[in-house]
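> Mind looking at a prediction? Sequence and model below.
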2 protein chains.
Amino acid sequence: MKISAESERQFLEDVFKAQKFNQKDGALLADTLVDADLRGISSHGIQRLAWYTSMIKEHTLEPEQQPKILKETPTSLLVDANKSMGQIASAFTMNKLIEKTKKLGVSLGVIRNSNHFGTAGYYSRMACKEGLIGISTTNTRPLVVPTNSLEAFLGSNALAFTFPADPHPFVFDGATAVVSSGKIQVLAKKGEQIPGDWAVDENRNVLHDAKTVEDNLSKIAFSEDRPGGGVLTLGGQKEVNSNYKGFGNSLIIELLTGILAQGSLSADTNTGKHDFSQFFMTIDPSLFGDLDVLKANVTEMFNRIRNLKHLPGTKIMIPGDREYKHYDENLIQGISIDDTTADELQKIGEKYHVTVPTEEASNLE
Amino acid sequence: MKISAESERQFLEDVFKAQKFNQKDGALLADTLVDADLRGISSHGIQRLAWYTSMIKEHTLEPEQQPKILKETPTSLLVDANKSMGQIASAFTMNKLIEKTKKLGVSLGVIRNSNHFGTAGYYSRMACKEGLIGISTTNTRPLVVPTNSLEAFLGSNALAFTFPADPHPFVFDGATAVVSSGKIQVLAKKGEQIPGDWAVDENRNVLHDAKTVEDNLSKIAFSEDRPGGGVLTLGGQKEVNSNYKGFGNSLIIELLTGILAQGSLSADTNTGKHDFSQFFMTIDPSLFGDLDVLKANVTEMFNRIRNLKHLPGTKIMIPGDREYKHYDENLIQGISIDDTTADELQKIGEKYHVTVPTEEASNLE
């Protein structure tokens, strides 16, 4: 079914209120999920609500707790998310970093004891709205097999990097692994096959059945029972295609998150504390030149790239192009909800006595 | 042939002196090339000397010029390399950033009007020696085809990221593209085939003959004549394996280098100014926790990863493991010089009246 962004937002705000999030936090959480769905990143949209809800039951997530600052300098912030939702501690941290960077040109913050934070790009875009470069990362559940490894250790470890440009900023936002687990979840929910070399079994043989992979990843990521296999690093199955570079990228995120924050490593989030760590940075490009000139130069570079000779039937898209196009379209056409997610929303609605959006009830033109 | 590190160093210092670099700069340049060769990164070692020498002839490189600071804040530095060698401006900038970061915890610098700087890791390791996280990047000649593109635009755009650890630091150091062009040069010089999906022709078909690819890349990178094809982004030939993430990584480096420095884009370095731009950052991990504790945590994580179950006949190596192992071995066994490079060194020695190292003349055990 398709629902309007506004009916999704209202439903989510009602659910988060019933789950005891305060009004401001509930609105933020709803906004991050609606924003992801509008951008076509359905892996990080409302389909995650069932997981978020189960985390409250398991006390991995405490809706009424607030983040607190553990250590602060003019250029840095160490935050304890205090088991609140990742979005809450992340927006809190990014707002503080924006203030710091407006004074000293650069600042960075790490969060420990946190949870899933939605899309990484949400926070780096906050910096971009202020004319700053934004960087946003998180570790995750263990999902990713290092080069040559037969078992998962690393998280899919998202990275977002945002740079001001016209008509929209550069928004690189995704897992450092070949794909996020959410992308496999979406295919599994739809009963579709995996189109590329994304995941392997316990012998590093590539698997293409999304349901099989999703079942395996659930065991790897959410239980202490550790079957082999997992998601590949960027670069794929073989060392000869430099998959150790994808491994290195994912390790850099582990160093900046779990290690710097002194939280759990991705590898240990399925046992014990279940906590994630996040890292953020903001940089003022005007340390080096006039923002308007830099933006014009970036915009010109992107336009040159979009117009390079390309394979017939394809397009060259700059990171962000696809998401801003989806955003405009989905605002008008509505957001697609797969049947499995629709069932999950129905059950959540019943549990919290909240009206669930339906195709009929939406305000689509 | 094999030569000792010390005979390589002496030869290089003699050549750089004859080329009118001052003593300090010549010693630095020699050290960066010897260091790369010792680490087994022969693509960035003495085999580049012929190129460096041709740059002096073409006045792309001016050995007697020194870098100058254009703009400085307590957390940042904008440097004009003044057409000196990349190594000179990079070491200058990194030393300044280390001082700044010891005061404020983080700093960043960009360089324009620069040249090739050797391995990116050389500078990030400078930060690491001071207990800091180091980041070092450069743009390059245009070599890399964006996702779906039939022509090169991006540089191979090296990224180094270094984090303190024992028994050696984490040193991620490589092109953001599948490989650097140097790696293809080395295979072409040896008459070997490309073992993976590294480069494509003008229709994005994968090529495996290193000599054919190297000839094509030379035309793309060093002349205004622009044939199609080039090196692939990390993720390979197909969009379905997320090669747009490798494209995004390479674009991030273009933004931090050519754009922030207001120098040339990689795409424009083969016409006009021939300049490269570089970006550096240092971060003090003790902003967030005790360095010794963080180092111990990192070391433990790496040891866990090295010991994961892995494919029979392979090893799991942490970025840096291979290079530190080569370093120790090559210090004793000497540095291999391929025949083509040996011929080039012979000609350079004759040109500058400098004694060329030979296998016989080396002090190897």
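Everything's here; your move.

> Would you confirm that residue A:113 contacts residue A:86?
No. Using Cβ atoms under 8 Å, residue A:113 is not in contact with residue A:86; the gap is 10.3 Å. (Glycine included, C-beta is placed from N, CA and C.)

> tally of neighbours for residue A:249?
27 (other Cβ atoms under 10 Å in any protein chain shown).

> That one in helix, strand or coil?
helix (DSSP: H, G, I helix; E, B strand; the rest coil).

> so how far is chain B from it?
From residue A:249 over to chain B the distance is 7 Å, taken as Cβ to the nearest Cβ, to the nearest Å.

> Identify the residues contacting the nearest residue to that residue once chain neighbours are set aside.
For residue A:249, ignoring the flanking residues on the chain, the nearest one in space by Cβ to Cβ, 6 or more residues apart in numbering or on different chains is residue A:176 at 4.4 Å. Taking Cβ atoms under 8 Å, 6 or more residues apart in numbering or on different chains, we find residue A:176 in contact with A:156-159, A:233-234, A:246, A:249-250, A:252-253, B:245.

> right, is the helix or strand bottoming out on mean pLDDT in chain A up against chain B?
When each helix and strand of chain A is scored by mean pLDDT, DSSP states H and E, helix A:181-190 comes last, with a mean of 90. No. Using Cβ under 8 Å from any Cβ of the partner chain, helix A:181-190 never reaches chain B; the gap is at least 9.5 Å.

> Other residues contacting the next helix or strand after that helix?
Where DSSP states H and E defines the elements, the next helix or strand beyond helix A:181-190 is strand A:199-200. For strand A:199-200, the surrounding residues in contact (Cβ under 8 Å, 6+ apart) are A:145, A:184, A:206-207, A:213, A:216-217, A:229-232, A:237.

> Mark which of the residues you listed are part of helices, please.
A:184, A:213, A:216-217 (DSSP state H).

> Tell me which two of those sit farthest apart.
Pairwise distances among the ones in helices among the contacts of strand A:199-200 were taken by Cβ to Cβ; the largest, 9.8 Å, belongs to A:184 and A:216.

> how far out from the middle of the chain is stretch A:115-122?
4 Å (Cα atoms, centre = their mean, to the nearest Å).

> Over to stretch A:79-86?
Distance, centroid of stretch A:79-86 to centroid of chain: 16 Å (Cα atoms, centre = their mean).

> tell me what the biggest helix by length in chain A is packed against?
Assignment by DSSP H gives helix A:86-104 as the longest helix of chain A. Taking 3 or more Cβ pairs under 8 Å, 6 or more residues apart in numbering or on different chains; DSSP states H and E as contact, the helices and strands that helix A:86-104 lies on are helix A:23-38, strand A:76-80, strand A:106-114, helix A:121-129, strand A:133-138, strand A:276-283.

> run the last query once more with 10 Å
Here helix A:86-104 touches helix A:23-38, strand A:68-73, strand A:76-80, strand A:106-114, helix A:121-129, strand A:133-138, strand A:276-283, going by 3 or more Cβ pairs under 10 Å, 6 or more residues apart in numbering or on different chains; DSSP states H and E.

> that older thread, any chance of the ones in helices among the contacts of strand A:199-200 in TSV with neighbour count as columns?
As requested, the ones in helices among the contacts of strand A:199-200 are arranged in TSV below (neighbours: other Cβ atoms under 10 Å in any protein chain shown):
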residue	neighbour count
A:184	24
A:213	25
A:216	21
A:217	24
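
> So which of those is the closest to chain B?
residue A:184 (12.6 Å; Cβ to the nearest Cβ).

> That closest one reaches residue A:196, doesn't it?
No. Contact between residue A:184 and residue A:196 fails when scored by Cβ atoms under 10 Å: they sit 11.0 Å apart.

> Relative to the whole chain's centre, how far out is the least confident helix or strand of chain A?
Counting by Cα atoms, centre = their mean, helix A:181-190 comes out at 14 Å from the chain centroid.

> can I get the helices and strands packed on helix A:86-104 in TSV with mean pLDDT?
Below are those laid out as TSV (pLDDT from 0 to 100):
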stretch	mean pLDDT
helix A:23-38	98
strand A:68-73	98
strand A:76-80	98
strand A:106-114	98
helix A:121-129	98
strand A:133-138	98
strand A:276-283	98
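
> In TSV: these, plus distance to residue B:124 and mean neighbour count.
Formatted as TSV, the helices and strands packed on helix A:86-104 follow (distance: least, Cβ to Cβ, whole Å; neighbours: other Cβ atoms under 10 Å in any protein chain shown):
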stretch	distance to residue B:124	mean neighbour count
helix A:23-38	34	21
strand A:68-73	22	14
strand A:76-80	20	22
strand A:106-114	17	28
helix A:121-129	23	24
strand A:133-138	17	27
strand A:276-283	16	28
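
> follow-up on the earlier one: overlap in contacts, residue A:184 and residue A:216.
Residues touching both residue A:184 and residue A:216 (Cβ atoms under 10 Å, 6 or more residues apart in numbering or on different chains) are A:199, A:207.

> For residue A:268, report the pLDDT, please.
pLDDT for residue A:268: 95.

> Quick check, it in contact with residue A:277.
No. In this structure, residue A:268 is not within contact of residue A:277 by Cβ under 10 Å, at 11.1 Å.

> Could you name every residue contacting both of these two?
Residues touching both residue A:268 and residue A:277 (Cβ under 10 Å, 6+ apart) are residue A:258.

> circling back: so what sits against both of residue A:184 and residue A:196?
Contact criterion Cβ under 10 Å, 6+ apart; residues shared by residue A:184 and residue A:196: none found.

> Could you single out the nearest of the contacts of residue A:176 to residue B:92?
For the contacts of residue A:176, the nearest to residue B:92 is residue A:252 (25.6 Å; Cβ to Cβ).

> Only alpha carbons, please: show the helix or strand encompassing the closest one as PDB.
Assigned by DSSP H and E, residue A:252 belongs to helix A:243-254. Once non-C-alpha atoms are left out, helix A:243-254 reads as follows in PDB (Å, rounded to 0.1, in the frame of the first residue of the first chain):
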ATOM      1  CA  ASN A 243      38.100  -6.000  -0.800                       C
ATOM      2  CA  TYR A 244      40.700  -5.200   1.900                       C
ATOM      3  CA  LYS A 245      40.000  -1.500   1.100                       C
ATOM      4  CA  GLY A 246      36.300  -2.000   2.000                       C
ATOM      5  CA  PHE A 247      37.500  -3.800   5.100                       C
ATOM      6  CA  GLY A 248      39.800  -0.900   5.900                       C
ATOM      7  CA  ASN A 249      37.000   1.600   5.400                       C
ATOM      8  CA  SER A 250      34.800  -0.400   7.800                       C
ATOM      9  CA  LEU A 251      37.600  -0.700  10.300                       C
ATOM     10  CA  ILE A 252      38.100   3.100  10.300                       C
ATOM     11  CA  ILE A 253      34.500   3.500  11.400                       C
ATOM     12  CA  GLU A 254      35.000   0.900  14.200                       C
END
